[in-house]
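Peer 1: Got a predicted model here, sequence first, then my questions.
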Amino acid sequence: MSVIAHLHLSSPFILAPLAGYSDLPFRLLCRHFGAGLCFSEMISCHGLVYEQRKTLAMLASVPAERPVAYQLFGADPAVMAKAADMLNRFSPDLVDINMGCPVKKVTKKGAGAALMAAPDLAAEIIREVVRCSEVPVTVKFRRGVNHRSLTYLDFAKMAEDCGAKALTLHGRTWSQGFTGKADWQCIAEVKKAVSVPVIGNGDVQSHQQAVMRRESSGCDGIMIGRGALGNPWIFGSAGRPQFNAEIAAGALLHLQLMEQYIAVDRFLAAIKNHMGRYFTGLAGSTVIRRRIYQCAGFPELRACLESLASTAES
């Protein structure tokens, strides 16, 4: 069990905020398979303040997924403060500030990892969000701007001083994006340098690896992102099933949650992308994925997964 602020988590393994993936159905799925906490997709502070329909839809939640953390991004302290105040209406368990996303459409506006290059502005944002949030605030960031500017220790101490109740460190720099390897030594260093909980993030591809990363770094929790796509079993000690029928049963559960909580006909292409990921690298995966991608509608896709799930070892 891990503790973050007031939360006593059932597991130290946490679902990362994944743009386009960390919606309510996927969060519920990951909680079902053992995630102790799930983060929403990145929520634009401007989209929230202007009450844009798509942004508000990202805040959908149900009691079964608690605890849940909503992640805000933006570069204007006043707007971030107002967005944090608006989030109070939705009663999250945590509010996280994204200061680590390297994607250009985020950083070109000064948000995400770009705030690593503007620590004074980052500090002001943290203070304002902490002031306006009724729940604990956490911060996600990276090692630094690039390998010549590794500011993670100073940034971590600054975030703690400004009121952050937990820190998530991704072991890459802004310039690395998602290339190269994550450095976990920096996570161990931050854990020793601050008194708040530290969550490590980067290159976790299995449950066993998550356990080893936590032990070697001494961090309080492990945030899993891309490694959970098509593999929600990563949060549990049993690991990913070996047989296609068992994989299909998990994918079918995900499909059923999607049908319950989102407009599946509008998002069929994205849903098929999700389903295809479950079978990547498995025996016969090429044929299975082709069947999935050729489904003309949601009922056909559901029938395809039901057929696969009812099949003996394949």
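Peer 2: Structure received.

Peer 1: As a check, name the ranges of all strands in the chain.
Peer 2: With DSSP state E as the criterion, the chain has strands at 2-4, 7-9, 13-15, 37-44, 68-73, 94-99, 137-142, 166-170, 198-201, 221-224.

Peer 1: domains in the protein, as residue ranges please.
Peer 2: As assigned by automatic domain parsing, the chain contains the domains 2-235, 244-309.

Peer 1: Can you give me the end-to-end span of the longest one?
Peer 2: If I follow you right, that is domain 2-235. Domain 2-235 has an end-to-end distance of 14 Å (C-alpha to C-alpha, to the nearest Å).

Peer 1: so can I have TSV of the domains of the chain showing mean pLDDT?
Peer 2: What follows is the domains of the chain, written out as TSV (pLDDT from 0 to 100):
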stretch	mean pLDDT
domain 2-235	97
domain 244-309	94
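
Peer 1: hey, which of the ones you listed is tucked in deepest?
Peer 2: The densest packing among those, expressed as mean neighbour count by mean count of other C-beta atoms under 10 Å, is seen in domain 2-235 with a mean of 20. Every C-beta, even on glycine, is put in place using the N, C-alpha and C of the backbone.

Peer 1: looking at it, S2 is touching A35, isn't it?
Peer 2: No - contact criterion C-beta atoms under 8 Å: S2 and A35 do not qualify, at 11.8 Å.

Peer 1: any shared contact partners between the two?
Peer 2: S11 (C-beta atoms under 8 Å, 6 or more residues apart in numbering).

Peer 1: which helix is the longest one in this structure?
Peer 2: Ranked by residue count under DSSP state H, the longest helix found in the chain is helix 244-261.

Peer 1: Going by contacts, tell me the helices and strands next to it.
Peer 2: For helix 244-261, the elements it packs on are helix 24-32, helix 268-277, helix 298-309, judged by 3 or more C-beta pairs under 8 Å, 6 or more residues apart in numbering; DSSP states H and E.

Peer 1: how far out from the middle of the chain is that helix?
Peer 2: For helix 244-261, the distance from its own C-alpha centre to the chain's C-alpha centre is 20 Å (C-alpha atoms, centre = their mean, to the nearest Å).

Peer 1: Tell me which residues are up against it.
Peer 2: Counting contacts by C-beta under 8 Å, 6+ apart, the residues outside helix 244-261 that touch it are 23-26, 28-29, 32-33, 60, 62, 232-233, 240-241, 264, 267, 271, 274-275, 278-279, 282-284, 288, 298, 301-302, 305-306, 308-314.

Peer 1: Let me see the contact set for the closest residue to L229 other than its chain neighbours.
Peer 2: With C-beta to C-beta, 6 or more residues apart in numbering as the criterion, L229 has its nearest non-adjacent residue at 5.1 Å, and that residue is R277. For R277, the residues meeting the contact criterion (C-beta under 8 Å, 6+ apart) are 229-231.

Peer 1: Then C101?
Peer 2: Contacts here follow C-beta under 8 Å, 6+ apart; on that basis C101 touches 19, 42, 73, 107, 111-113.

Peer 1: How much space separates the residue nearest to L229 from V198?
Peer 2: Between R277 and V198 the computed distance is 29 Å (C-beta to C-beta, to the nearest Å).

Peer 1: Find me whatever residue is spatially closest to G225, sequence neighbours aside.
Peer 2: The shortest distance from G225 to any non-neighbouring residue, by C-beta to C-beta, 6+ apart, is to A16 (3.5 Å).

Peer 1: Looks like the one you found contacts F39 (just checking).
Peer 2: Yes - in this structure, A16 sits in contact with F39. The criterion is C-beta under 8 Å, and the distance is 6.1 Å.

Peer 1: Are there residues contacting both of these two? Which ones?
Peer 2: Between them, A16 and F39 share the contacting residues 22, 223, judged by C-beta under 8 Å, 6+ apart.

Peer 1: Return the residues in contact with P102.
Peer 2: Contacts here follow C-beta under 8 Å, 6+ apart; on that basis P102 touches 112-113, 142, 172, 174-178.
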